[in-house]
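Asker: sequence first, then the predicted structure:
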Amino acid sequence: MLVHSPGRNFVTLRITTDDGITGLGDATLNGRELSVASYLRDHLAPLLIGRDAHKIEDTWQYLYRGAYWRRGPVTMTAIAAVDVALWDIKAKVANMPLYQLLGGASRVGCLAYGHASGRDNQEIFDSIRHHQELGYKAIRVQSSIPGLNSVYGVATAANSATGTGSAKGATSTRYDYEPARRSAFPVEEEWDTRAYLRHIPGVFEAVRNEFGPELPLLHDAHHRLTPIQAAKLGKALEPYDLFWLEDVTPAENTDAFRLIRQHTTTPLAVGEIFNSIYDYKNLFEEQLIDYVRSPVSHGGGITPLKKIFDYAAVYQIKSGVHGPTDVSPVGHAASLHLSMAIHNYGISEYMRHSPETLEVFNPSYTFENGLIRPSSEPGIGVTYDDVIASQYEYESAYLPVNRLKLDGSLHDW
Ligand code: EZ4
Ligand code: CO
């Protein structure tokens, strides 16, 4: 179990076989890291000693069914880490990049989107241009809201245009690489849904006028709206032809999508906090969403996520994998290999990790001309540098909480 904080906190599982082959799995659960580390160390690792590393499906079922307590983010992130480490090992033994074992490449690379944001439209335009210069062909746009002093997902002026820099010296509003603040308590932000709904359509109108009709644009509402507010936003954004609108309502009430879907043709994405095929079942069967946000590391691993994507394909629903910096390069690489192989790939979020993170994980995937590609290295193509990692000790860090500006009551995040 590797728990370090190169740029931000990561929990990484390393499994070593009797013949000395190692596999890595991402066990990072942002803001609740140590619970997964304990689940793995105290409950799963002892069960793995002496098991055949090649029996991936059987081991997955053993850990999932054997616990009795199924699902949930902690359990499923822990099982995912074991699953990915075993796939890494199997692919190394086969001497192939993992996507070959998952069916081989269905595409030359995986379309990725980056995060542009700003406090006003001019800053947003600069941030979009900067991301285009970095090679992005699809861009998520988040904006400050007049009257609110900070909004999650909006970088400060210092880094909104560059999108670079390390977490060292980061301030509470430095979101590009450190959405979770290092402190014993979460930052409290303020929120006003009516102000948000009034402002956002104009931002997309301005962006479309500036950049034209072709550029794929995305937006994340971070679970903050009621179903009828979500329907209104989806409708208001229709003229600007979004690639998707993400996480409009609190994700646990999937019935909300029925109402939203009746009102808008804006494509919908959800699932970054889901962890089971059962979370998606009704959404798929009633065709209420368009993109599946689960990353390998929070979706229980490659084994179950492949099944989720295949199930989604029946309904022409595509992948749209979560890829923030709190998914480690191990998690990104695992999602990337699966993304290369499946037929119904859509897009991946790709926030770039900090130099500290990259130094520790040494990912071999590349990003060029809008596409992320795995290398031809055997396995998932990530190696962990323990020596460098040991310089970065875990520090508690939390995502912000959100209170209504009007009366301070806690709001959905
Ligand atoms: O808030 O990864 O689409 N991306 C996101 C992320 C999540 C964080 C939570 O850990 O919503 O920024
Ligand atoms: Co999101």
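Answerer: Now that the structure is in, tell me what you want to look at. Ligands and ions are numbered 1, 2, ... in the order given.
Asker: the closest residue in space to Glu395 that isn't next to it in sequence: neighbour count?
Answerer: Of all residues not flanking Glu395 in the chain, Arg182 sits nearest, at 4.8 Å (C-beta to C-beta, 6 or more residues apart in numbering). Quick note: C-beta positions are derived from backbone N, CA and C, even for glycine. If you count neighbours by other C-beta atoms under 10 Å, Arg182 ends up with 16.
Asker: wait, what's in contact with the nearest residue to Arg140 once chain neighbours are set aside?
Answerer: Distance criterion C-beta to C-beta, 6+ apart; nearest residue to Arg140, sequence neighbours excluded, is Leu218 at 4.2 Å. By C-beta atoms under 8 Å, 6 or more residues apart in numbering, the residues touching Leu218 are Tyr113, Ala138, Ile139, Arg140, Val141, Leu242, Phe243, Trp244, Leu245, Glu246, Ala269, Ile347.
Asker: just checking, Gly323 touches Glu349?
Answerer: Yes - at 3.7 Å, Gly323 counts as touching Glu349 under the criterion of C-beta atoms under 8 Å.
Asker: so Leu197, which of the three states?
Answerer: Here Leu197 is recorded as helix under DSSP: H, G, I helix; E, B strand; the rest coil.
Asker: re the thing from before, can you list residues touching both of Gly323 and Glu349?
Answerer: Taking C-beta under 8 Å, 6+ apart as the criterion, Gly323 and Glu349 both touch Ala112.
Asker: where's Gly381, which helix or strand?
Answerer: For Gly381, there is no helix or strand it lies in under DSSP states H and E.
Asker: ok, it to Ser294 distance?
Answerer: Using C-beta to C-beta, to the nearest Å, one obtains 21 Å as the distance from Gly381 to Ser294.
Asker: out of these two, which sits in the busier spot?
Answerer: Ser294 (29 against 22).
Asker: name the nearest residue to the more buried one, ignoring sequence neighbours.
Answerer: Gly271 is the one closest to Ser294 (C-beta to C-beta, 6+ apart), at 4.8 Å.
Asker: looking at that neighbour now. What's its pLDDT?
Answerer: At Gly271, the model reports a pLDDT of 98.
Asker: check Tyr280 too.
Answerer: For Tyr280, the predicted pLDDT is 98.
Asker: ok, it - contacts?
Answerer: Applying C-beta under 8 Å, 6+ apart to Tyr280 gives the contacts Gly271, Phe274, Val292, Ile308, Tyr311, Ala312.
Asker: in a markdown table, list those along with neighbour count and distance to ligand 1.
Answerer: Compiled in a markdown table, those are given as follows (neighbours: other C-beta atoms under 10 Å; distance: C-beta to the nearest ligand atom, whole Å):
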| residue | neighbour count | distance to ligand 1 |
| --- | --- | --- |
| Gly271 | 27 | 10 |
| Phe274 | 25 | 13 |
| Val292 | 28 | 13 |
| Ile308 | 23 | 18 |
| Tyr311 | 16 | 22 |
| Ala312 | 24 | 18 |
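Asker: for those residues, give me a markdown table that also has secondary structure.
Answerer: Formatted as a markdown table, those follow (three-state DSSP):
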| residue | secondary structure |
| --- | --- |
| Gly271 | coil |
| Phe274 | coil |
| Val292 | strand |
| Ile308 | helix |
| Tyr311 | helix |
| Ala312 | helix |
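Asker: quick one: contacts for the residue nearest the centre of the chain?
Answerer: By C-alpha atoms, centre = their mean, the chain has its centre lying nearest to His322, at 2.4 Å. Neighbouring residues of His322 by C-beta under 8 Å, 6+ apart: Gly271, Glu272, Arg293, Ser294, Pro295, His298, Glu349.
Asker: counting by contacts, list what the longest helix along the chain packs against.
Answerer: Longest helix in the chain, counting residues (DSSP state H): helix 73-94. Packed against helix 73-94, as judged by 3 or more C-beta pairs under 8 Å, 6 or more residues apart in numbering; DSSP states H and E, are the following elements: strand 10-16, strand 22-26, helix 33-38, helix 56-66, helix 98-101, helix 302-314, helix 329-341.
Asker: that one: how far from the chain's middle?
Answerer: Distance of helix 73-94 from the chain centroid (C-alpha atoms, centre = their mean, to the nearest Å) equals 17 Å.
Asker: do the same with stretch 397-411
Answerer: 22 Å.
Asker: tell me how far the ends of it are from each other?
Answerer: Stretch 397-411 has an end-to-end distance of 20 Å (C-alpha to C-alpha, to the nearest Å).
Asker: which other residues reach it?
Answerer: Taking C-beta under 8 Å, 6+ apart as the rule, stretch 397-411 contacts 5, 8-9, 30-31, 147-148, 152, 178-183, 185-193, 224, 412-413.
Asker: repeat that for 7 Å
Answerer: 8-9, 30-31, 148, 152, 179-183, 185-192, 224, 413 (C-beta atoms under 7 Å, 6 or more residues apart in numbering).
Asker: just the buried residues out of those, in ChimeraX syntax.
Answerer: With 16 or more other C-beta atoms under 10 Å as the criterion, this ChimeraX line picks the buried residues out of those:
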select :8,9,30,31,148,152,179,180,181,182,186,187,189,190,191,192,224,413
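Asker: so which of the contacts of stretch 397-411 are in strands?
Answerer: Among the contacts of stretch 397-411, the members found in strands (DSSP state E) are Arg181, Arg182, Glu188, Glu189, Glu190, Trp191.
Asker: pull the most distant pair out of these.
Answerer: Arg182 and Trp191 (22.7 Å; C-beta to C-beta).
Asker: on that earlier part again, quick one, the longest helix of the chain and helix 56-66 angle?
Answerer: 160 degrees (axes from the mean of the first three to the mean of the last three C-alpha atoms, to 10 degrees).
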